[in-house]
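> sequence plus the predicted model coming up.
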Amino acid sequence: MMNQVMRSAPNSSTEKEMIAMAEEELARLQRQLRIMEDDRMAFSDETSSKLEKQRRIIELLRKEKAKLCEDINVATCKNQKRKDKRLSKEIYKLLEVYEEYCERVRVEKEEIVEMDVQIKKLESDIKNLRPKSSVTENHFQTRLTSGQKTLQILKNRLDNMVKKFCAILATNKELREEINHLLKERNHFNDVWEKLLKDIHSGKRYMVDLIEQATIAFDQREEWCSKLDALKKRAEVDFVLHSEEMREIQRRLDQYMTLREFLCVKGQKRILKDLEEKERLKKEMQQQNLEDQLEVYETTLKKIQVFCKEEDVDRIAALFLKQEEENFALFNYVNELSHEIESLTYVMDELHEKIDDQIELSNERAKQRQSTISSLQVDLDEATKKAEEDEQEVQKAADNLQKVLNGIEKVFEIVNCDKGPILKLLGENASINLFNVKIYLGTIEKKLSGIITDLYFAEKSMLSHPKKIKTVLSPH
């Protein structure tokens, strides 16, 4: 029993030690995990900021590229090329004139310089030869006046050339101003042209939508027309079948009426008394009825002949049948037209409804665009305001950073650090900035560590020799 207790006690102690070691390892791993997470977050922030800057730079470069492509397209159009050729020709002409006048001015200046040299040389010769020469004063005076006249003529020529050169420069300035004005007008024209192109594209889109709707309506009309033709054919077949059925029913009805009349006559009681007289009267009445009916038919036929202005009965019957066929055809045509008008009216109503729906949809889209533009404008104002605030904060941070840099530079000077060892690292710009502040701080740290080391050894040496301290501290 004791052995078991003794065995269980070491086992429990080893388990506790293992748990403690595991907890320590877990704590160490958690600390490493936190450190790695902090490093990862710092690295991700740094990389995200760098990537954001690079994306902004790429976006700016893309916009600049698109703008340059637009400028190139505008500058390479035919009209602009013609203008550029015309302006380049005029500029070349003016440059040629300008170079010609510059050459003339240069030649005149060289001549003037040469004349000055010759005049100086002549004056020196005159000075050298005056004592020895036998030239009279009058002759010298005439030569002097002629030289002054020549000099005045050359000065006048130079003045004229300078004035012409100034006039050329003035015309060149006017041409430059005109070129700038034409460039501004070209930019304005390009803006107006782009706006018109946008309007044309929107109009084309609207026209394409209308054409698609009209095509759909036309297809629906063709479908309804085909259905209407099928219904007409079916109605004609039904009409023929109905006519045949009606004739069959009429035939059966006539047969039935004949049979009924026969049966009625057959079922009557036969009275032989005065039968012949009754038969005779009956025949007379039938004869009279037939004569009356024939007279009615003849009068009717005469009226028809008078109305038709035709004596031939067969011809009248043919005309009647032909007129009936024409009337029936006109009736069918009127029915077809009415059906077609109804279908077209229905299609037009549907088109009007669709057009109204499209107008409402376009108005709603315009409202949505306006609301989107207003929201974007608000966002833009907020972003601009935030950017200005951020810019102010950045300026404040830059000012504080500059103060810190100035303080580091003052500390560098106070500590009497030497810039000689770090001049190669600093390069051309020896003043402190963000890129070389670490070099200054490292130099200051080394200097301070050296000073602290010197103080430590000095203090240690003073503590190790107290007599020297007393002698130093004792008054003389």
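Now that the structure is in, tell me what you want to look at.

> low pLDDT regions in the chain?
Within the chain, the segments meeting pLDDT under 70 span 1-13, 75, 126, 129-137, 140, 266-275, 418-430, 434, 464-476.

> could you list the domains of it?
Domain segmentation of the chain under automatic domain parsing yields 317-414, 415-476.

> is it possible to get JSON lines of those domains that adds distance to residue 293?
Using the backbone N, CA and C atoms, a C-beta is placed for each residue, glycine as well. Converted to JSON lines, the domains of the chain look like this (distance: least, Cβ to Cβ, whole Å):
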{"stretch": "domain 317-414", "distance to residue 293": "19"}
{"stretch": "domain 415-476", "distance to residue 293": "131"}
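
> using JSON lines, lay out those domains together with distance to residue 172 and mean neighbour count.
Listed next are those as JSON lines, based on distance: least, Cβ to Cβ, whole Å; neighbours: other Cβ atoms under 10 Å:
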{"stretch": "domain 317-414", "distance to residue 172": "43", "mean neighbour count": "11"}
{"stretch": "domain 415-476", "distance to residue 172": "41", "mean neighbour count": "11"}
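
> closest one to residue 295 among the ones you listed?
Of all the domains of the chain, domain 317-414 sits nearest to residue 295, with 20.3 Å by Cβ to Cβ.

> quick one, helices of the stretch 151-300 of the chain?
275-308 (DSSP state H, counting those that start in this stretch).

> if we can go back for a sec, among the domains of the chain, which is nearest residue 202?
Using Cβ to Cβ, the domains of the chain put domain 317-414 closest to residue 202, at 10.5 Å.

> from the chain's centre, how far out does that closest one sit?
How far domain 317-414 lies from its chain's middle: 14 Å, per Cα atoms, centre = their mean, to the nearest Å.

> picking that back up, what's the closest of the domains of the chain to residue 138?
Closest of those to residue 138 is domain 415-476, at 71.7 Å (criterion: Cβ to Cβ).

> mind checking the SS state of residue 417?
Following DSSP: H, G, I helix; E, B strand; the rest coil, residue 417 is assigned to coil.

> how close does it get to residue 200?
71 Å (Cβ to Cβ, to the nearest Å).

> the helix or strand encompassing residue 366 versus helix 275-308: what angle between them?
In the assignment (DSSP states H and E), residue 366 maps to helix 313-414. Comparing the axes of helix 313-414 and helix 275-308 via axes from the mean of the first three to the mean of the last three Cα atoms, to 10 degrees yields an angle of 50 degrees.

> let's check: the centremost residue of this structure is which one?
Nearest residue to the geometric centre of the chain (Cα atoms, centre = their mean): residue 198, 8.9 Å.

> so how far is residue 205 from it?
11 Å.

> anything in contact with each of these two?
Counting by Cβ atoms under 8 Å, 6 or more residues apart in numbering, no residue touches both residue 198 and residue 205.

> closest to residue 164 out of the domains of the chain?
So among the domains of the chain, domain 415-476 is nearest, using Cβ to Cβ, at 48.3 Å.

> where along the protein do the strands fall?
Assigned by DSSP state E, the chain shows no strands.

> which residues are in contact with residue 308?
Contacts of residue 308 by Cβ under 8 Å, 6+ apart are 316, 319.

> so how far is residue 351 from it?
Taking Cβ to Cβ as the measure, residue 308 falls 50 Å from residue 351.

> try residue 358
In terms of Cβ to Cβ, residue 358 sits 10 Å off from residue 351.

> shared neighbours of the two, which are they?
Common contact partners of residue 358 and residue 351 (Cβ under 8 Å, 6+ apart): residue 213.
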